[in-house]
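> give me coordinates for this.
(2 chains)
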Amino acid sequence: MKDFKSLKILDRCKGLFEKMGIDYLKMRKIVQIKLLMDQRRVPTVVGREKKKQEENHFRKSLINYGITGIVIGMMMFSSMSLFLKMNMVIGFIGFMIMSTLISDFSSVLLDLNEKNILATRPIDAKTIGAAKAIHICIYLFMITMALAGPALLVGMIENGFVFFIVFVGILILLLGFMLIVTTLLYFLILKIFDGEKLKDFINYFQIIVTVVIIVGYQLIGRIGQCEWLAGEIIPKSWMYLLPTAWFASPFQLIFTKSQIPFYRYASVLSIVIPIVTLIIYSKCVMPYFEKYLVKLEQASENKKERKSIEGFIKNIGKIICKDSEERAFFIFTYKMLGNERKLKLKIYPTIVMGIVFPFIFMFQNIFEKASLSEGIQQIGNSKVYLFLYVTIFFLGNMVLMMYAGESHKGSWIYKTVPIQSPNSALKGAVKSFWIKYYMPSFMIISFICLGLYGVKILVDLGLMLIALFVVMLLSFRCAKKRFPFSQDIQNLQSLITFKSTCINLIGTGGLAGIHFIARSMVYGRIIYGVGIILLSIVLWKISFRTTWEEFE
Amino acid sequence: MDKKPVIHIQNLRKSYEKKEVLKGIDLLVYPGQIIGYIGSNGAGKSTTVKILLGIINEYEGQIEIFGQDIRKDAITYKKRIGYVPENGEIYDNLTAAEYLAFLGQMYDMKDEAVERKSKHLMKLFGIESYYNTRINTYSKGMKQKLLIIASMIHNPDILFLDEPLSGLDANTVLVLKEIMAALAKQGKTIFYSSHIMEVVEKISDRILLLNEGQIVADGNFEELKEKNKEGTLEKIFNELTGFKEHRGIADEFVTLIEEDEE
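Residues are numbered from 1 along each chain as shown, chains lettered A, B, ... in the order given. Here you go, the predicted model:
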């Protein structure tokens, strides 16, 4: 079996462990297995899952974290004040660490298999505990080095060796704090709710992480050039609530010799709070954690049915679906979309990217302005909202994601029930996807745009909504037809084909061009509107003519 | 028998990339029969069942279910069949309520009827309090109970059960056996595949033994016993699948376990 460098380093402390009464060889073996499993788990930051089996996913994610680390390191060069800079650097590192703890390492923190596998073998609890602790330490060390390494290096070059030492100390406090907060969070959720809620929570956090990383990359580069962030910050008392402010204060205190009392008190907090949380954790949480952990595996009894939403969806189904089969698929797809965690992990970031990117393009010049309000004002006067076609491009082939699902093996059910026509099934599913994800996404953008531009763009928004519908149908048409949730989510990438992306791009580009030209003509938008409505009706009519033979 | 066959298979063949899995199966199944469908791993049991269910569409030969060629009309007959899959695959991030409601709609049942029926059925199995719980939190037995309910909710005339007892406690097993007997008495057909010979021996009134893609034995237990001069179905199974080395393999196994480490 593969041996790890970190374990060879650990071997030097063998005597120490044995003195503590730990069976070192067994512990080493357990840690080795755990590290091996880390390599095979596909982390959130890697995202794109490929078919290759023997890939080292952990190393890949480390490279990813390394790139993030370099970006963070570059922030150290910026002209911001030291306090603000350290706030942002520590905030970003802390967020990234917490996110890996929650999104990828949760399977380790919440490991139940361990009990089934290890507790039935002749290994004492102390050794198992030590193995778990060592494993977490190695994992955190590697990730922190990847994330904070470049920043440490830049800090040392710019501010000397003392800075490096202080930074390392702060990072250790930060890590401990994050680890305990994460576990506390799990504990609270498990105590109040049940295992399902915790899984939901982890899922939402994974979605947030994916989104923040995507958007963060776009923003960080631009923040550096931003003039209205360069000034000195005057600490306010609400800043005592910011964990990043505690951990950034010692730098201000030591390296700028600032006399403001805020920095002194906040520095004390940076040491006291991690210690206090550690005490709370070891006294009030650790002894009970195991007990609640069992909840993860238990089915909870009936939850209350949410009758109002239930009825709402059924009513919509009655209005927009022709026959009962279509309606059944409409409701089924709607429910599945709400519960498929892995699918949500793909869908939501796509939506957020679709919503955020046009605004990033629109706001391009806001950072060069003297103030935030001036920048916003300038946007309101321009016609850049046509950038919303970027959203249409991002969301266009999202509909194809409905073919994938975690429990795709359950799709035998379609074959054993008497489905009359694959088309009514597909119609129901597409309508469901439109209602569940497309409409709300577009609503959000519409509200933001209405806020920025006022009602004068209402007509354009309407036109773009129809354009989104057209592009969705174009993407849907050019892909192979399947039953919803019948493909392995691991192969999601192969469902969204190059062909569909091209068609999507051409469709979006074409419509955007026509819209742009139409705006400069007198009745342009009316002509465009009539045209695109007719187009969407025709497309809808011809999109659902699949025969069973073409259907897979 | 004077009744019409519900399943009529003629010369069914199926190959996966040149390897022939089914080598010509002929079978007539009549209403009211509980058929124990047995065979060693890879004998072609699941393939047969999957073809009958329409999960696999490509095959050679002729299959009629309820007197209709399933190639010509692949849909109508499905209103009258039910299936419990072997590995319990199910859309498990739905709740039982949602899953059963979806199935009911597929069978054109009224929503209220499905809800009333499924709640009551779940109650009979003692899992009614999990009606609105996501299936992926169920234990193995609970999931199996739900799959059984899901396969029968539309009152099918043919049931395909693949290892339906797996994960069920002894009491539920007893209940299910009674259910099967009662259904058969009403003229329903049950196609039962399993590896547990004792159960098949007891519940089936007709046993089909499949070996290397062919039916090598067909008859009730008494008939098989007479023909093969063996006392249990297990022995008959070993005999007909040509497996005689069990003692040798077991001895070697035990010797290896007991072997001293150097």
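> hey, let's count contacts and neighbours off CA atoms from now on
OK.
> so B:Leu121 makes contact with B:Ala150?
No. Contact between B:Leu121 and B:Ala150 fails when scored by CA atoms under 8 Å: they sit 9.8 Å apart.
> domains in chain A, by residue range?
A:5-297, A:332-550 (automatic domain parsing).
> for these, which has the smallest mean pLDDT value?
Across the domains of chain A, domain A:5-297 has the smallest mean pLDDT, namely a mean of 78.
> chain center to that one: distance?
From the chain centre to the centre of domain A:5-297 is a distance of 17 Å (CA atoms, centre = their mean, to the nearest Å).
> and the nearest residue to A:Phe387 once chain neighbours are set aside, how far is that from chain B?
Nearest in space to A:Phe387, with sequence neighbours left out and distances taken as CA to CA, 6 or more residues apart in numbering or on different chains, is A:Pro358 at 5.2 Å. According to CA to the nearest CA, to the nearest Å, A:Pro358 stands 34 Å off from chain B.
> packing partners of the host helix or strand of A:Pro358?
Element membership of A:Pro358, judged by DSSP states H and E, is helix A:341-362. In terms of contacts (3 or more CA pairs under 8 Å, 6 or more residues apart in numbering or on different chains; DSSP states H and E), helix A:341-362 is packed against helix A:195-223, helix A:324-339, helix A:388-396, strand A:404-405, helix A:439-453.
> isn't the residue nearest to A:Phe387 up against A:Ile392?
No. Counting by CA under 8 Å, A:Pro358 sits too far from A:Ile392 to count as a contact (9.9 Å).
> who has more neighbours, these two?
A:Ile392 (29 against 21; other CA atoms under 10 Å in any protein chain shown).
> quick check, the more buried one in contact with A:Leu468.
Yes. Between A:Ile392 and A:Leu468 there is a contact at 5.3 Å, judged by CA under 8 Å.
> under the pLDDT cut-off, which ranges of chain B? List them.
Where chain B drops to pLDDT under 70, the residues are B:1-2, B:261-262.
> ranges for the strands of it?
Taking DSSP state E to define them, one finds strands in chain B at B:7-16, B:19-29, B:34-39, B:60-65, B:68-69, B:81-84, B:158-162, B:189-193, B:206-211, B:214-219.
> let me see the contact set for the residue nearest to A:Phe387.
A:385, A:387-391 (CA atoms under 8 Å, 6 or more residues apart in numbering or on different chains).
> which strand residues bridge the residue nearest the centre of chain B?
Nearest to the mean C-alpha position of chain B, by CA atoms, centre = their mean, lies B:Leu161 at 2.5 Å. Beta bridges link B:Leu161 to B:Val84, B:Tyr192, judged by DSSP bridges.
> how near is it to B:Ala150?
Between B:Leu161 and B:Ala150 the computed distance is 12 Å (CA to CA, to the nearest Å).
> swap in A:Ile319?
Taking CA to CA, one finds A:Ile319 at 28 Å from B:Ala150.
> quick one: which of these two has more around it?
When A:Ile319 and B:Ala150 are compared for neighbours, B:Ala150 comes out ahead with 21 against 10, by other CA under 10 Å.
> which single residue in the stretch 1-150 of chain B comes nearest to chain A?
B:Ile90 (4.0 Å; CA to the nearest CA).
> quick check: that residue touching A:Glu406?
No. Applying CA under 8 Å, one finds B:Ile90 not in contact with A:Glu406, separated by 10.6 Å.
> state which helix of chain B is the longest.
helix B:170-185 (DSSP state H).
> need the residues that contact that one.
B:31-34, B:125, B:165, B:189-190, B:203.
> which of those lies closest to A:Ile309?
In terms of CA to CA, no member of these lies closer to A:Ile309 than B:Phe125, at 29.1 Å.
> for my notes, confirm A:Ile180 occurs in a helix.
Yes. The assignment for A:Ile180 (DSSP: H, G, I helix; E, B strand; the rest coil) places it in a helix.
> number of nearby residues for it?
19.
> same question, A:Gly531
11.
> over to A:Thr333?
Neighbour tally, A:Thr333, other CA under 10 Å: 25.
> what sits against it?
A:428-429, A:432-433, A:484.
> one more: A:Arg519?
Contacts of A:Arg519 by CA under 8 Å, 6+ apart are A:Arg525.
> ok, of the contacts of A:Thr333, which one's closest to chain B?
A:Pro484 (11.3 Å).
> find the nearest non-adjacent residue to the closest one, please.
A:Tyr403 is the one closest to A:Pro484 (CA to CA, 6+ apart), at 4.3 Å.
> re the thing from before, please name the residues that touch the residue nearest to the centre of chain B.
B:83-86, B:190-193.
> now the buried members of the residues you listed.
B:83-86, B:190-193 (16 or more other CA atoms under 10 Å in any protein chain shown).
> what's the most distant pair in these?
B:Glu86 and B:Ile190 (15.1 Å).
> now for A:Ile157, how many residues are close by?
12.
> where's it, which helix or strand?
A:Ile157 belongs to helix A:125-159, assigned by DSSP H and E.
> what residues does the stretch 351-500 of chain A have near chain B?
For the stretch 351-500 of chain A, the residues in contact with chain B (CA under 8 Å from any CA of the partner chain) are A:407-413, A:415-420.
> which SS state does A:Ile533 fall under?
From three-state DSSP, the assignment for A:Ile533 is helix.
> let me redo that: A:Ser424
helix.
> residue contacts, the nearest residue to it once chain neighbours are set aside?
Leaving aside its sequence neighbours, A:Ser424 sits nearest to A:Glu326 (CA to CA, 6+ apart; 4.8 Å). Applying CA under 8 Å, 6+ apart to A:Glu326 gives the contacts A:424-429.
> in a markdown table, list those residues along with neighbour count.
Output for the contacts of A:Glu326, formatted as a markdown table (neighbours: other CA atoms under 10 Å in any protein chain shown):
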| residue | neighbour count |
| --- | --- |
| A:Ser424 | 24 |
| A:Ala425 | 25 |
| A:Leu426 | 22 |
| A:Lys427 | 21 |
| A:Gly428 | 27 |
| A:Ala429 | 27 |
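> show me which of the contacts of helix B:170-185 is closest to A:Leu84.
For the contacts of helix B:170-185, the nearest to A:Leu84 is B:Phe125 (62.2 Å; CA to CA).
> helix or strand right after the helix or strand containing A:Tyr292?
Taking DSSP H and E as the definition, A:Tyr292 sits inside helix A:286-293. Downstream of helix A:286-293, the first helix or strand assigned by DSSP H and E is helix A:307-320.
> residues near the residue of chain A found nearest chain B, how many?
Across chain A, no residue is closer to chain B than A:Gly410, which sits at 4.0 Å (CA to the nearest CA). Using other CA under 10 Å, A:Gly410 is surrounded by 18 other residues.
> before we move on, what SS does it have?
Relying on three-state DSSP, one would call A:Gly410 helix.
> which residue packs closest to it, ignoring adjacent ones?
B:Ile90 (4.0 Å).
> which residues does the one you found contact?
A:407, A:409-411, A:413.
> what is the nearest of those residues to A:Lys456?
A:Ser407 (46.0 Å).
> do you know how far B:Ser151 is from chain A?
Taken as CA to the nearest CA, the span from B:Ser151 to chain A is 10 Å.
> that residue and B:Val84 touch, don't they?
Yes. With contacts counted by CA under 8 Å, B:Ser151 reaches B:Val84, the gap being 6.0 Å.
> count of residues packed around B:Asp205?
17.
> B:Val216 versus that one, what's the distance?
17 Å.
> same deal with A:Gln487?
From A:Gln487 over to B:Val216 (counting by CA to CA), the distance is 37 Å.
> looking at these two, which has the bigger crowd around it?
Per other CA under 10 Å, whichever of A:Gln487 and B:Val216 has more neighbours is A:Gln487, with 21 against 14.
> and chain B, which residues reach chain A?
Close to chain A, as judged by CA under 8 Å from any CA, chain B has residues B:53-55, B:75-79, B:81-83, B:89-94, B:98-99, B:102-103, B:105-108, B:129-133, B:137-139.
> just the buried ones from those, in ChimeraX syntax?
Buried members of those, defined by 16+ other CA under 10 Å, are picked up in ChimeraX with:
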select /B:53,54,55,75,77,78,79,81,82,83,89,90,91,92,93,94,98,99,102,103,105,106,107,130,131,132,133,137,138
